[in-house]
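# using only what follows, build the 3D model:
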Amino acid sequence: MQNYIKKLLLGALVIMTLGTLASAQTFPAQATGIFTLDIGNELRVLQTLPSAEIQGILASPKKEKLADFKGNYDKNTGKFEGELTYCQGKKEPLLFYFTRNNADVLEVYFGLEGNDRKAAGTRKGRTRPSLAFNCAAGSDQSQSNEPYMGKGTWTGTWKTNLGMIRLIQINDVKTGKTFVSGDFENTGVIHLIGFSGNEVEGEFMSSTKGDGYFKITRISDDKFEGTYRWGRQTEWTPWGGERKDTKLPQLTSTGAQHFINRLLAGD
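Predicted coordinates for the structure are as follows:
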């Protein structure tokens with residue numbers, strides 16, 4: 001009887017051990033590859049095993065080099081930590097993490113913690129990528145505008161009691177001003193134009209409803225409450241929303257996209 005119980009216990013132990021090994025979360029042993037970022041650029045990553053050192057470039061969709069980077073990859077944590085050097089000499093930290101149990105998905109962070117810019121990357125090739133790209137003539141990509149994805153950003157898709165809105169925040173590197181614009185109802189344009197702490201004022205522009213105005217308070221990173229009115233209405237109606245997605249949204253309004261493109265170009 002005792003031997004039978006011992007066998008049962010041993011069998012249970014073996015099953016538990018196999019289950020633990022099967023469910024263990026792992027990271028890729030090597031980071032080499034080309035990763036397409038949701039901000040439009042790509043990371044071209046090169047690692048020569050058994051070294052943990054990595055080198056690579058940040059490249060534009062036009063196959064122009066924006067920056068070089070070097071650092072070290074820890075296969076036990078799936079984390080790379082290094083530094084970007086832009087074509088004109090400016091440097092900033094670069095961090096990326098592999099998603100657990102997925103060797104082809106990255107979370108990428110540009111800049112200092114607390115004011116970093118986030119992007120998501122997907123590996124499109126595991127072969128050793130070419131790093132022989134030239135910098136764009138006369139470009140200083142370290143000083144160009146781009147969507148702000150860091151702490152406190154408005155960027156994302158929000159569900160409100162007026163429908164879904166999609167917002168993109170851009171911090172202008174020349175003026176230091178913050179711009180937040182986006183769209184709603186596929187054709188409407190929305191701008192957040194006045195910031196005072198958590199108090200924000202803005203305006204709607206709709207081809208069917210005309211112009212509207214709102215005053216909101218951001219009560220958390222992912223929630224706001226306030227009021228709005230259309231045109232010459234004198235009464236303000238309650239309005240609130242919650243962010244449902246922090247990824248860079250795809251704008252459907254050509255007017256909103258045109259405005260964002262102008263900001264990105266520094267116009």
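# for the stretch 51-200 of the chain, which spans come out with low pLDDT?
Along the stretch 51-200 of the chain, the parts satisfying pLDDT under 70 run over 114-116, 137-144, 173-176.
# show me the strands in it, by range?
For the stretch 51-200 of the chain, the strands defined by DSSP state E, counting those that start in this stretch cover 53-59, 65-74, 79-86, 91-98, 105-110, 117-125, 156-160, 163-171, 178-184, 188-196, 199-206.
# could you export those strands as TSV, including distance to residue 44?
For every residue, glycine as well, the C-beta is placed using N, CA and C. Shown next, in TSV, are those (distance: least, C-beta to C-beta, whole Å):
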stretch	distance to residue 44
strand 53-59	5
strand 65-74	9
strand 79-86	13
strand 91-98	13
strand 105-110	13
strand 117-125	9
strand 156-160	28
strand 163-171	26
strand 178-184	30
strand 188-196	35
strand 199-206	39
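# and among those strands, the most buried is which?
strand 178-184 (a mean of 22; mean count of other C-beta atoms under 10 Å).
# please export the C-alpha coordinates of that strand as PDB.
Taking Å, rounded to 0.1, in the frame of the first residue of the first chain, the C-alpha atoms of strand 178-184 are listed here in PDB:
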ATOM      1  CA  THR A 178       1.900  70.600 -27.200                       C
ATOM      2  CA  PHE A 179      -0.500  69.800 -30.000                       C
ATOM      3  CA  VAL A 180      -3.300  67.200 -29.800                       C
ATOM      4  CA  SER A 181      -5.500  66.600 -32.800                       C
ATOM      5  CA  GLY A 182      -7.500  63.800 -34.300                       C
ATOM      6  CA  ASP A 183     -10.900  62.800 -35.700                       C
ATOM      7  CA  PHE A 184     -14.400  61.500 -34.900                       C
END
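# my guess is residue 31 contacts residue 72, does it?
No: counting by C-beta atoms under 8 Å, residue 31 does not reach residue 72; the two are 10.2 Å apart.
# now the common contact residues for these two.
Shared contacts of residue 31 and residue 72, defined by C-beta atoms under 8 Å, 6 or more residues apart in numbering, comprise 54, 80.
# what's near enough to touch residue 241?
Per C-beta under 8 Å, 6+ apart, neighbours of residue 241: 158-161, 165, 223-224.
# host element of it?
Using DSSP states H and E, residue 241 sits in strand 237-245.
# what residues sit buried inside that strand?
Within strand 237-245, the residues scored as buried using 16 or more other C-beta atoms under 10 Å are 239-241, 243.
# export those to CSV and tack on distance to residue 149 and pLDDT?
Below are the buried residues of strand 237-245 laid out as CSV (distance: C-beta to C-beta, whole Å; pLDDT from 0 to 100):
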residue, distance to residue 149, pLDDT
239, 25, 95
240, 23, 96
241, 19, 95
243, 13, 96
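# from those, pick the one nearest residue 207.
residue 239 (20.1 Å; C-beta to C-beta).
# quick one: the closest residue to residue 149 other than its chain neighbours and residue 259, what's the gap?
What sits nearest to residue 149 in space, not counting adjacent residues and going by C-beta to C-beta, 6 or more residues apart in numbering, is residue 118, at 3.8 Å. According to C-beta to C-beta, to the nearest Å, residue 118 and residue 259 sit 22 Å apart.
# wait, doesn't residue 158 sit right on residue 244?
Yes: counting by C-beta under 8 Å, residue 244 is a contact partner of residue 158 at 6.8 Å.
# how about residue 40, secondary structure?
coil (DSSP: H, G, I helix; E, B strand; the rest coil).
# pretty sure it contacts residue 62?
No: using C-beta under 8 Å, residue 40 is not in contact with residue 62, being 10.2 Å away.
# the more surrounded of these two?
residue 40 (13 against 7; other C-beta atoms under 10 Å).
# nearest residue to the more buried one other than its sequence neighbours?
Using C-beta to C-beta, 6+ apart, the closest residue to residue 40 is residue 61 (5.7 Å).
# was I right to think that neighbour contacts residue 41?
Yes: shown here, residue 61 and residue 41 form a contact pair, counting by C-beta under 8 Å, at 7.0 Å.
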